[in-house]
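[1] Give me a model of this one.
(one chain, ligands or ions: 1)
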Amino acid sequence: MQNILSSMLSSWSSSSSSSIEDDGLEDIPTAELRKDVEGVLEWNPARLRRWKTAPPLPVQPRHWRYTKHLDSKLLLRSVVPMDSLVNDLSKLAQENLDAMLGPCGLYPSRALGYHMKATAIDLEPEGIADGYERSSAEICGRIVTKVLIPKTRDWGLSVQWGRRVELHKASAGIDDGGHLFFLGNPDSGLELYRRAHLELMDPGLRTDLERVLAYAPKIGTWVFLSLTRKSKKLLLGMDQLAARGSFDYELCRTAYPNSTSSLKSVTVPPDATSTPWTLPSFPGRNNSDSGHTRTLRATTIAASKATKGRAEKVVIPSARRRPETTAYAPVPLTSESLVQLAWAKAVENDATMIVFNCGNHERLAVRHRGTQTLYISELYDTTKCAEPGYAKLHVGLYLAQVFDAIARAKAASAPTEPRRSSRKRPHNDNVAASSLPNKRSKRDPEKSVECPMMELASQCDMMLLHLQYDNYHSPSPASFLRTTPCLVHKTHRKPGYSPQIKRSYRLHECFEVILTGQLGRGGTGTVYGAKGRLTTKDGETRIQEDLIVKMAFEKHPQRRMRHEYDVYQQLAEHGVTGVPQVYGLFEDLEGGALALVMNHCGQDLWELRPDKDTSQTPVTPAQRDRFTEILQNVHRAGVRHHDIRAANLMINAAGEACIADFDRARLNSTEAKKEWEMDILREFMEGIHHNFLIPSPSMPGDEQEIRDETPVSAHAGSGSGGRGEGDSEVDSEVDSDESGEDAGEDSD
Ligand SMILES: Nc1ncnc2c1ncn2[C@@H]1O[C@H](COP(=O)(O)OP(=O)(O)OP(=O)(O)O)[C@@H](O)[C@H]1O
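    Prediction:
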């Protein structure tokens, strides 16, 4: 790999003294520059000291649950020590030192001095990550920029480090959102912060980096833990994982009879053929009789034997291991769950390297896709690094990751291989094709609701939830228990009933839901496109396309979702049409999620805007009348929607109107307020009301009304087994920061 860079740079060496931007500074003699660069490379971050208030202990963050649904081919199978990694990276930095000694107007110690003094602002992972960004990432990013663009005289930053910041979230003691990146424009073109860098960059390198932007733009994965003893123990504990033969990857506890191997699953992106590090000569690689392959094979054989033994039964998680509450409850991290989380994040980014950092200690890791192995370096004290110093190690780390990303992107774009971009699409783009209204079959939407499959499903209390999109392909589904009846089909279940839970079910007793992509995210939940599947007693499989599953994870959003169900129930009792048809509310038996299953109502008027620069979507007179009629019927049923806006007015493929999202609805509202809401809709339809995504309009006195008119939800906290209301103190601490408001108690 070093050769790739040397050949890339050789064309520059002859011309490097020619005209370069004139900054009015004298070039520094090479010997002095070398000395200064070497001094900077010995830099170590300052030791972080504990303050009086201890930072939070690391717990499983909210997105932990998704790690259980990765495709089997992407799961972690084993952890292996790799003591040579630090040296390999140091060597790589050293070998590229000469590239930094090109024309230069300022000593790096002066240019980077400010960043060498920066430190973390607090000891939570987010604060440590911020400190890393302001010091190490600035120093190493600028040095690596100079290596990649030796013609530049400055120490500008074109190799950037950043992280996804989630506002208003209580810290879970862990932050896994950090990665390297190059700035790009929407057409995957490189768009560096300094234009001069782009002009001075070797055209070949520019093409390579543009490929990286298109293929996997997030380079590497950084995981920060709060500065606590527990965090250091978690990093230390990874040695024990390496001592075991195989990694015990945690999946959903449902034992599922159907082999998923016959189903289409993901293509594993290849590893680079040549890497700047040497993997230890572990017997597993390229040797079918090796211990590692044996481990993989043993796991697979054991799994298939167990599956055969279970015949056609679905075994749900044992009652003893069920959590107290349906809402997200923080579970302390273990070394296993930390590694699983980091691995899953690396899969999401298609990253090869992972940095585990807990303030003063750190460990690096290499993800080997082919053998599903994580190779880990030794644990080191970041403040005492010598030969290499911390800066040198991270310069090597950045270079290694950039070269690896270039090599993989290049291989993926080679004409012989079918190109498959693993670039993550933004949320709203990430639409399940099958759930897009315009991709739907030409079935009459009303008839599809009457489909026998959903009628059969309405008799099922057990819902099995699979994820099948992007890297997700649940090896085993999550078990969800019905807590409220279907509102579309008649069932013997009455509101407030509590289903009997069995330990195992035949497949025909379960209703399966396959999430096919994330459609949106709101204050209450995350919304997914989905399809339903049901296997009849005769073994026939019935499919229902065009379902929607709205999931709520926290206590307050879950209360709101239960309230939303109650509202739909009232609307159903009054025979109101033109609102989502609800098939029930289901609780995750392993805790942490509540799911509302309904039909797909199309796209909302905000999404449907033909001109995205305006806020208007034209609707036909018939659609306008229908929206008015639906709202009148909603009001007659004793419900005020309380959130009329473009994002909640929907039109399906057949052009039918629907009003959705009743989580803020008020029951028993006054006639005046309903009339006022009707005026809002009329104004909106006439195009007078400029409906940007603003909080729903309210009228004076609403707050009082909220307290007076909305009864406490009949289902609030009515989880199976008395769950839901008995939330622990920990819950309320976590939820106090949530944006979700109490159902029926939210103020405008
Ligand atoms: N039944 C449905 N059919 C089609 N799309 C839907 C449906 N329900 C929700 N969506 C999509 O998901 C988005 C978010 O859903 P919704 O507004 O119900 O979530 P929320 O968490 O209640 O958000 P809010 O903060 O607006 O109350 C909607 O704007 C819509 O695009």
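
[2] The residue in the chain that the ligand sits nearest to: what's it in contact with?
    The ligand sits closest to Gly522 of the chain, with a gap of 1.8 Å, by CB to the nearest ligand atom. Any C-beta I mention is one placed from the backbone N, CA and C, and that applies to glycine too. Under the criterion of CB atoms under 8 Å, 6 or more residues apart in numbering, the contact list for Gly522 reads Asp661.

[3] Repeat that for the one 5 residues further on.
    Taking CB under 8 Å, 6+ apart as the criterion, Val527 is in contact with 518-521, 548-551.

[4] Could you rerun that using 6 Å?
    For Val527, the contacting residues are 519-520, 550, by CB atoms under 6 Å, 6 or more residues apart in numbering.

[5] for the stretch 601-748 of the chain, which spans come out with low pLDDT?
    Within the stretch 601-748 of the chain, the set of residues satisfying pLDDT under 70 comprises 615, 688-748.

[6] Can you pull the phi/psi pair for the residue lying closest to Glu191 once chain neighbours are set aside?
    The shortest distance from Glu191 to any residue other than its chain neighbours is 4.4 Å, reached at Asn185 (CB to CB, 6 or more residues apart in numbering). Main-chain dihedrals, Asn185, degrees, to the nearest 10: phi -100, psi 170.

[7] Make sure Asn185 is actually in contact with Leu192.
    No: using CB atoms under 6 Å, Asn185 is not in contact with Leu192, being 10.5 Å away.

[8] neighbour count winner among these two?
    Using other CB atoms under 10 Å as the criterion, Asn185 and Leu192 rank with Leu192 on top: 23 against 9.

[9] just checking, the more buried one is part of a strand?
    No: the assignment for Leu192 is coil, going by DSSP: H, G, I helix; E, B strand; the rest coil, so no strand is present there.

[10] That one against Ser158, yeah?
    Yes: contact between Leu192 and Ser158 holds when scored by CB under 6 Å: they sit 4.6 Å apart.

[11] buried ones in the longest helix seen in the chain?
    For the chain, the helix that runs over the most residues, judged by DSSP state H, is helix 390-413. When burial is assessed from 16 or more other CB atoms under 10 Å, helix 390-413 yields the following buried residues: 390-412.

[12] hmm, who's touching it?
    Residues contacting helix 390-413 (CB under 6 Å, 6+ apart): 1, 41, 43-44, 89-90, 92-93, 136, 139-140, 143-144, 208, 211-212, 215, 219-220, 272, 276, 352-353, 382, 419.

[13] How far does that helix sit from its chain's centre?
    Centroid separation for helix 390-413 versus its chain: 23 Å, with CA atoms, centre = their mean, to the nearest Å.

[14] low pLDDT regions in this structure?
    Within the chain, the set of residues satisfying pLDDT under 70 comprises 1-25, 168, 188, 258-264, 282-311, 416-451, 495, 615, 688-748.

[15] near the ligand, which residues of it?
    For the chain, the residues in contact with the ligand (CB under 6 Å from any ligand atom) are 519-520, 522-525, 527, 548, 550, 580, 598, 600-601, 604, 647-648, 650, 660-661, 663.

[16] mind listing the strands for the stretch 351-500 of the chain?
    Assigned by DSSP state E, counting those that start in this stretch, the strands in the stretch 351-500 of the chain fall at 353-357, 361-368, 373-376, 380-381, 462-469, 472-473, 478-482.

[17] Just name the most buried of those.
    Comparing these by mean neighbour count (mean count of other CB atoms under 10 Å), strand 478-482 comes out on top with a mean of 26.

[18] Tell me which other helices or strands it touches.
    When contacts are defined as 3 or more CB pairs under 6 Å, 6 or more residues apart in numbering; DSSP states H and E, strand 478-482 packs onto strand 462-469, strand 582-588.

[19] among the ones you listed, which is nearest Pro332?
    If you check each of the helices and strands packed on strand 478-482 against Pro332 by CB to CB, strand 582-588 wins as the nearest, at 19.6 Å.

[20] and whichever helix or strand comes after that closest one with strand 462-469, angle?
    Remark: after strand 582-588, the chain's next helix or strand is strand 594-599, criterion DSSP states H and E. What separates the directions of strand 594-599 and strand 462-469 is an angle of 80 degrees, with axes from the mean of the first three to the mean of the last three CA atoms, to 10 degrees.

[21] and after strand 594-599, which helix or strand comes next?
    The helix or strand immediately downstream of strand 594-599 is strand 603-604, counting by DSSP H and E.

[22] I figured Val37 was touching Met100, is that so?
    Yes: with contact defined as CB under 6 Å, Val37 reaches Met100; the gap is 5.4 Å.

[23] could you pull out the strands for the stretch 51-200 of the chain?
    Counting by DSSP E, counting those that start in this stretch, residue ranges of the strands within the stretch 51-200 of the chain are 78-81, 160-163, 174-181.

[24] Reformat these as CSV; add mean neighbour count.
    Listed next are the strands of the stretch 51-200 of the chain as CSV, based on neighbours: other CB atoms under 10 Å:
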stretch, mean neighbour count
strand 78-81, 22
strand 160-163, 19
strand 174-181, 24
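
[25] among these, which is nearest Arg626?
    strand 174-181 (43.5 Å).

[26] Off-centre distance for the closest one?
    Relative to the chain's own centre, strand 174-181 is displaced by 12 Å; criterion: CA atoms, centre = their mean.

[27] Next: stretch 464-482.
    15 Å.

[28] do the same with stretch 108-116
    When distances are taken as CA atoms, centre = their mean, stretch 108-116 is centred 35 Å away from the chain's centroid.

[29] same question, stretch 510-530
    On the basis of CA atoms, centre = their mean, stretch 510-530 sits 14 Å off its chain's mean C-alpha point.

[30] Mind listing what's buried along it?
    The neighbour-count check on stretch 510-530 (16+ other CB under 10 Å) flags 510-520, 522-530 as buried.

[31] With stretch 626-633 instead?
    Buried, per 16+ other CB under 10 Å, within stretch 626-633: 626-627, 630-631, 633.

[32] Filter these down to the ones in strands?
    Residues of the buried residues of stretch 626-633 located in strands (DSSP state E): none.

[33] possible to save those as TSV with distance to Tyr256?
    TSV is the format used below for the buried residues of stretch 626-633 (distance: CB to CB, whole Å):
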residue	distance to Tyr256
Arg626	42
Phe627	43
Ile630	40
Leu631	43
Asn633	42
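
[34] residues near Glu509, how many?
    Neighbourhood size, Glu509 [other CB under 10 Å]: 17.

[35] One more: Thr577?
    Other residues close to Thr577 by other CB under 10 Å number 14.
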